[in-house]
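1. sequence and predicted structure below; questions after.
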Amino acid sequence: MLRYALSRLISLGASLLVASGVVFFALEIVPGDPASYMLGMNASPETVAALRAELGLDTGALARYLGWVGGMLTGDFGISYTYRVPVAEMIVDRMQVSLPLAFYALFLSTAIAFPVGIWAASRRGSLADSGVMGVTQLGVAVPNFWFAMLLVLVFAINLRWFSAGGFPGWDKGFWGGMKALTLPAVALALPQASILARVMRSALLDTLGEDFIRTARAKGLTRGQALRRHALRNALIPVLTIIGLQFSFLLAGAIIIENVFFLPGLGRLVFQAISQRDLIVVESVLMLLVFAVVAVTFAVDLAYAAVDPRLRRRG
Amino acid sequence: MRALLTGGGIAGVFALAALVSFFWTPYDVEVMDISGKLAGPSPAHWFGTDHFGRDIFSMIMVGGRVSIAVAIVAVGIGIGIGVPLGLTAAAQRGSMLDELIMRGNDLVFAFPALLIAIMITAVFGPSAVNAIIAIGIFNVPVFARLVRGAALSLWTRDFILAARVSGKGKVRISVEHILPNVANLLIVQGTIQFSLGILAEAGLSYVGLGAQPPTPSWGRMLAESQTMIGFAPHLALFPGLAIVLAVLGLNLMGDGLRDLLDPRIRRVRT
């Protein structure tokens, strides 16, 4: 197990290293110099040169890449070209919206999908099962940002239960923040819950056909008992993998949903940075998101191997 | 079979509407009519008009062109690059090349389509081509993994052994024997990636990373409708329904195709 974890950890590090190279050098070929862009067209060459030196743009690409990677390892993401504040501060600030939003949505999605999937599987072929399959088929097809707009129309504009957007900040109280994130989280969660419920159902149906379930029934367990005590545990393995995958989708989805609700998260930060050519911010946010995806994949790989020893042999 | 026909029918209607829009739309989508702006659905304008007085039904017809084109080319990129990679990795199982391809796949997998799109847009500026490239790159590892997995089990089969004994090389076996046997999988996965492509394109256009004005696209119509949703909800309703229906149709079609082409998994639907 330890050897497996170590080999996965090495490949995680290698992925991140290659990814950082791809991100940095892709954005290095961007036409236009951030320093002249910041100072406008009328800046004198001397001022531009001074700013270039201040931002560290006068050194070679490789030196700046190494400096950037080295800085990130110690929590120093550089200075924003536009706002002249440390990028790390901006990111930490915005993560306080994006990360809770993604976790909130993940929680909702799981909390909805598990009972629904189990319910449908235990009543396979019934009207309830068909209903769940139909609704989730529709749920998979709904774009989350459109669903978010419909939620705003119904719950913010017509019913006035929630505000249509904005974020009060956690310092104004936990529940106010949670309330502001509720509609966005629901919008993110429902399409994911549809997928997860379908995976849960089919994983359960797969295990319900196994011999050990027949044995459990033969020794006198009811269908429901066999499902809860034996099938559910075994069905959880594929379901956990999907949950891990969904986290990266939720993080990326959060970036889009933030636009619907005018939430000051990572998504708004990165789109603003693109239009202002604040490349250091774009690079850092991209790396952070890639890191999140790779780290979650790593955690799922480990959890998977912990549950199923057969998987430790080949990564 | 019913799913296939229903889904294929819905997808067909969208494809037809997009094709017809090249020759004819009820109204010209580039002509504005400010006096008739923000009108609700009526016999003259089935889905109403937008804030410039443009006919929404016509815009949805034209917008379908972008969605379908982006999704088709993105699936083409995924198959065109991913399938040869998957075939090669399986044929050279366990080699450095196999390892390299699979690690490369893992790496691309760490970049959701949205991140690739953000990166490309930061470099080249926003356009529909960026959306195609971003979604296309995202599709490559999907097809590479699918083909490698299926091909690996095929390589252990007797008919492949027979082909090797008859002196065929790995490339020839991959093309003549492996490829035809994974074609069904490709058709099913291609349909699924097509529907995911439409969803992804809509999302990218919505945040401004896809098709640019004045080209109508479903995602951008939704973005523009957002500030007016309080008093003109029909602006947001119809483009959204178009996305849902198109994706639903393709998903049903994918399910139907899978049932039709792979009878082994017919019993348990996911």
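-> Thanks, I have it. Numbering: from 1, shown residues only, chains lettered A, B, ... in the order given.
2. so A:Q96 is in contact with A:F174, correct?
-> No: contact criterion Cβ atoms under 8 Å: A:Q96 and A:F174 do not qualify, at 12.0 Å. For every residue, glycine as well, the C-beta is placed using N, CA and C.
3. the more surrounded of the two?
-> Counted by other Cβ atoms under 10 Å in any protein chain shown, A:Q96 and A:F174 do not tie: A:Q96 has more neighbours, with 16 against 9.
4. next, the buried residues of the helix or strand containing the more buried one.
-> Using DSSP states H and E, A:Q96 falls within helix A:87-122. For helix A:87-122, burial by neighbour count (16 or more other Cβ atoms under 10 Å in any protein chain shown) applies to A:87-88, A:90-91, A:94-98, A:100-106, A:108-110, A:112-114, A:116-122.
5. same question, stretch B:172-189
-> Those would be B:173-174, B:177-179, B:182, B:185-186, B:188-189, for stretch B:172-189 by 16+ other Cβ under 10 Å.
6. same deal with stretch B:215-232?
-> Those would be B:215-226, B:229, B:232, for stretch B:215-232 by 16+ other Cβ under 10 Å.
7. among those residues, which lie within strands?
-> Of these, none are assigned to strands by DSSP state E.
8. show me where chain A has helices.
-> A:2-28, A:34-39, A:45-55, A:61-73, A:87-122, A:127-141, A:144-151, A:174-208, A:211-218, A:223-226, A:232-261, A:266-275, A:279-307 (DSSP state H).
9. I'd like the mean pLDDT over the helix holding A:Q96, please.
-> For helix A:87-122, the mean per-residue pLDDT is 90.
10. go on, stretch B:160-170?
-> Per-residue scores along stretch B:160-170 average to 88.
11. one more: stretch B:13-26?
-> 85.
12. low-scoring stretches of chain B, by residue?
-> B:36, B:38, B:262-270 (pLDDT under 70).
13. can you check which helix is longest in it?
-> Chain B, longest helix under DSSP H: helix B:56-91.
14. for it, packing partners?
-> Using 3 or more Cβ pairs under 8 Å, 6 or more residues apart in numbering or on different chains; DSSP states H and E, the elements in contact with helix B:56-91 are helix B:2-23, helix B:96-109, helix B:128-155, helix B:170-173, helix B:179-206, helix B:218-225, helix B:234-261.
15. for B:V75, see how far away B:I132 is.
-> Counting by Cβ to Cβ, to the nearest Å, the gap from B:I132 to B:V75 is 10 Å.
16. repeat for B:L146
-> From B:L146 to B:V75 the distance is 13 Å (Cβ to Cβ).
17. also B:M253?
-> From B:M253 to B:V75 the distance is 13 Å (Cβ to Cβ).
18. got it, and B:A69?
-> In terms of Cβ to Cβ, B:A69 sits 11 Å off from B:V75.
19. show me which of those two is the more surrounded one.
-> B:V75 (26 against 16).
20. that one contacts B:Q193, correct?
-> Yes: B:V75 is in contact with B:Q193 according to Cβ under 8 Å; the separation is 5.1 Å.
21. find the residues that touch each one of those two.
-> B:N139 (Cβ atoms under 8 Å, 6 or more residues apart in numbering or on different chains).
22. what's near enough to touch the residue nearest to B:M1 when sequence neighbours are not counted?
-> Leaving aside its chain neighbours, B:M1 sits nearest to B:G256 (6.6 Å; criterion: Cβ to Cβ, 6 or more residues apart in numbering or on different chains). Contact analysis of B:G256 by Cβ under 8 Å, 6+ apart lists B:1-8.
23. enumerate the residues of the stretch 1-150 of chain A near chain B.
-> By Cβ under 8 Å from any Cβ of the partner chain, the residues of the stretch 1-150 of chain A that approach chain B are A:11, A:14-15, A:18-19, A:22-23, A:26-27, A:29-30, A:133, A:137-138, A:140-143, A:145-146, A:149-150.
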